[in-house]
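Novice: prediction below, plus the sequence it came from.
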Amino acid sequence: MRVAFIVANFPVTSETFILNQIVGLIERGITVDIYAIEENVKVDTTKVHPDIEKYNLLERTYYVPEIPKNFLFRLLKGIALSASFYQAPLVLLRSLNTFKYGTQATSLRLLYRSKYLVNKAPYDIIHCQFGTIGLPIMQLQELGAIKGKLVVSFRGYDISSVIRQRGEQVYNKLFKTGDFFLTNCNYFKNRLLKLGCNEDKLVVLGSGIDCSKFVYIPRTLPADGLIRIATTGRLVEKKGIEYCIRAVARLVKNNKNIEYNIMGDGPLKEQLQQLINDLGVSDQIKLLGQKRQQEVVKILSESSIFIATSITAANGDQDAPVNTLKEAMAMGMPVIGTLHGGIPELVENGVSGFLVPEKDVDALTEKLSWLVEHSLTWVSMGEAGRAYVEKHYDTNQLNDRLVEIYHQVLTEKASKIEE
């Protein structure tokens with residue numbers, strides 16, 4: 001089986017869920033090519049996941065040719081690129097059809113995007129990661145630049161903020177032309193159904209983690225008495241890290257034996273550091289920056305409590321059950337999440353951790369304080385979390401299921417696919 005994975009960019013350190021699928025397919029004997037459709041993006045290979053090197057994934061990855069901003073240069077380069085279409089002249093002509101494709105054609109965007117796909121052998125499956133990727137690939141499929149069954153995964157912002165920005169009709173044509181659709185939680189499945197996606201062509205397939213890489217450690221009160229709290233996530237509004245910082249800052253006023261480590265990078269880094277400084281807790285709360293998976297695992301192994309308090313961003317962006325919570329639960333940590341998006345499908349309130357309302361610093365402080373004062377509950381919560389993740393989010397089981405779905409789509413039994 002030949003599968004084309006279509007992504008915005010690759011590699012992206014925060015998208016291990018995509019990497020896990022790619023590796024899982026390769027390990028199952030499937031040929032996978034990766035296409036990064038985002039234009040003029042510099043690829044950072046300084047901190048890549050070890051699996052990218054192990055499986056030589058960059059050698060399997062194709063990037064859109066750089067599109068010059070100057071239209072004359074873009075046109076001259078486009079003329080040079082047109083030589084690549086000698087075996088597919090109709091694709092070239094269709095990509096320039098301004099009557100049908102408007103600015104997508106006049107800007108030469110379709111030409112540039114088609115160039116790295118044309119002349120490739122047909123794929124069995126074209127798997128678009130995120131609905132927003134499905135839209136341009138649907139066009140390229142229409143041009144004849146790429147051939148195969150179109151499968152689209154909806155994962156978060158594409159079914160939340162994109163809907164608010166572009167309207168509820170944005171995926172109407174994709175729902176009609178796509179062969180099958182996946183989403184990572186029931187919360188987003190219900191939203192897709194309301195938007196008009198055919199229920200017979202839609203299933204929930206969670207984002208998995210490799211539980212073998214996140215060793216379970218029973219959590220007990222550290223010998224030095226220092227309780228370490230951890231968060232992993234992009235420093236963006238949706239992750240709600242501001243509220244975590246405010247809650248921990250309240251705790252450390254009465255308990256200096258608390259340390260809070262935040263792993264990740266993003267546009268809010270300076271703002272969050274300023275908040276830490278303003279609250280006078282720079283000795284207890286640290287922004288550690290982007291970390292490799294091995295570094296994340298080491299820090300989590302030394303921590304006692306994990307918090308991930310996602311919120312609905314101003315643009316409507318929402319989260320599914322986030323993988324960082326799964327990783328912490330797999331390692332035996334009691335967790336705190338929010339009543340947000342798909343997170344309640346992962347964290348069972350009072351069993352593997354706690355759920356609090358979005359942006360509710362009082363509730364978050366209360367639950368954190370309770371966990372700090374009741375360290376004897378950490379083991380039972382950690383055991384419950386590990387068991388739940390192993391049962392529902394083990395990447396090996398989910399990758400087996402993905403291959404099964406591919407086969408059923410190829411044999412046109414999509415209407416019989418069950419979750």
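Specialist: Perfect, thanks for sending it.
Novice: neighbours of residue 256, how many?
Specialist: When counting by other CB atoms under 10 Å, one arrives at 11 neighbours for residue 256. Any C-beta I mention is one placed from the backbone N, CA and C, and that applies to glycine too.
Novice: for the protein, give me the ranges with low pLDDT.
Specialist: 40-47, 413-419 (pLDDT under 70).
Novice: how is it partitioned into domains?
Specialist: For the chain, automatic domain parsing gives the domain ranges 2-64+116-208+395-416, 212-392.
Novice: and of those domains, who's closest to residue 105?
Specialist: If you check each of those against residue 105 by CB to CB, domain 2-64+116-208+395-416 wins as the nearest, at 9.9 Å.
Novice: need the distance between the two termini of stretch 337-355.
Specialist: Its start and end residues considered, stretch 337-355 measures 5 Å (CA to CA, to the nearest Å).
Novice: against residue 284, how distant is residue 250?
Specialist: For residue 250, the distance to residue 284 equals 11 Å [CB to CB, to the nearest Å].
Novice: between these two, which has more neighbouring residues?
Specialist: When residue 250 and residue 284 are compared for neighbours, residue 284 comes out ahead with 21 against 18, by other CB under 10 Å.
Novice: for residue 128, helix, strand, or coil?
Specialist: On the three-state scheme (DSSP: H, G, I helix; E, B strand; the rest coil), residue 128 is labelled strand.
Novice: circling back to that earlier point, save the domains of the chain as JSON lines, and put in distance to residue 85 too.
Specialist: Rendered in JSON lines, the data for the domains of the chain read as follows (distance: least, CB to CB, whole Å):
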{"stretch": "domain 2-64+116-208+395-416", "distance to residue 85": "6"}
{"stretch": "domain 212-392", "distance to residue 85": "38"}
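Novice: nearest to residue 79, of these?
Specialist: Closest among the domains of the chain, using CB to CB: domain 2-64+116-208+395-416, at 15.6 Å.
Novice: how far off centre is the closest one?
Specialist: Its chain's C-alpha centre lies 11 Å from the corresponding centre of domain 2-64+116-208+395-416 when counted by CA atoms, centre = their mean, to the nearest Å.
Novice: stretch 334-349 too?
Specialist: 17 Å.
Novice: show me what contacts residue 300?
Specialist: 214, 230, 232, 306, 327, 328, 331, 333 (CB atoms under 8 Å, 6 or more residues apart in numbering).
Novice: ok, the residues you listed vs residue 239, which is closest?
Specialist: Closest to residue 239, out of all of the contacts of residue 300 and judged by CB to CB, is residue 232, at 9.5 Å.
Novice: any idea how far that closest one lies from residue 365?
Specialist: If you go by CB to CB, the gap between residue 232 and residue 365 works out to 21 Å.
Novice: ditto for residue 156
Specialist: When CB to CB is the yardstick, residue 156 and residue 365 sit 27 Å from each other.
Novice: and those two? Which one has more around it.
Specialist: Residue environment comparison for residue 156 versus residue 365 gives the larger neighbour count to residue 156, 24 against 18, counting by other CB under 10 Å.
Novice: residue 322 is in contact with that one, correct?
Specialist: No - with contacts defined as CB atoms under 8 Å, residue 156 does not count as touching residue 322, sitting 9.0 Å away.
Novice: list the buried residues of stretch 391-404.
Specialist: 393, 394, 395, 397, 398, 399, 401, 402, 403 (16 or more other CB atoms under 10 Å).
Novice: which element is the last one on?
Specialist: For residue 403, the enclosing helix or strand under DSSP states H and E is helix 395-410.
Novice: now do that helix: which elements does it pack against?
Specialist: In this structure, helix 395-410 makes packing contacts with helix 16-27, strand 125-129, strand 149-154, strand 180-183, judged by 3 or more CB pairs under 8 Å, 6 or more residues apart in numbering; DSSP states H and E.
Novice: which of those sits most buried?
Specialist: Between the helices and strands packed on helix 395-410, strand 125-129 has the highest mean count of neighbours, a mean of 27, where neighbours are mean count of other CB atoms under 10 Å.
Novice: re earlier: which one of the helices and strands packed on helix 395-410 lies nearest to residue 200?
Specialist: Ranking those by distance to residue 200, with CB to CB as the measure, places strand 180-183 first at 9.4 Å.
Novice: ok, and what's touching that closest one?
Specialist: Looking at what lies outside strand 180-183 - CB under 8 Å, 6+ apart - the contacts are 149-155, 159, 175, 189, 192, 197, 201-205, 320, 405, 409, 414, 417.
Novice: what's the burial count for the closest residue in space to residue 222 that isn't next to it in sequence?
Specialist: Leaving aside its sequence neighbours, residue 222 sits nearest to residue 304 (CB to CB, 6 or more residues apart in numbering; 7.0 Å). Other residues near residue 304 number 22, with proximity taken as other CB under 10 Å.
Novice: do I have it right that residue 31 meets residue 5?
Specialist: No - in this structure, residue 31 sits apart from residue 5 without contact. The criterion is CB under 8 Å, and the distance is 10.9 Å.
Novice: between these two, who's got more neighbours?
Specialist: Between residue 31 and residue 5, residue 5 has the larger neighbour count (other CB under 10 Å), namely 25 against 14.
Novice: give me the nearest residue to that one, chain neighbours excluded.
Specialist: Counting by CB to CB, 6+ apart, residue 34 is the residue found nearest to residue 5 once chain neighbours are left out, at 4.9 Å.
Novice: now that neighbour, which residues is it bridged with?
Specialist: When bridges are taken as DSSP bridges, the partners of residue 34 come out as residue 5, residue 61.
Novice: with that, I have no additional questions.
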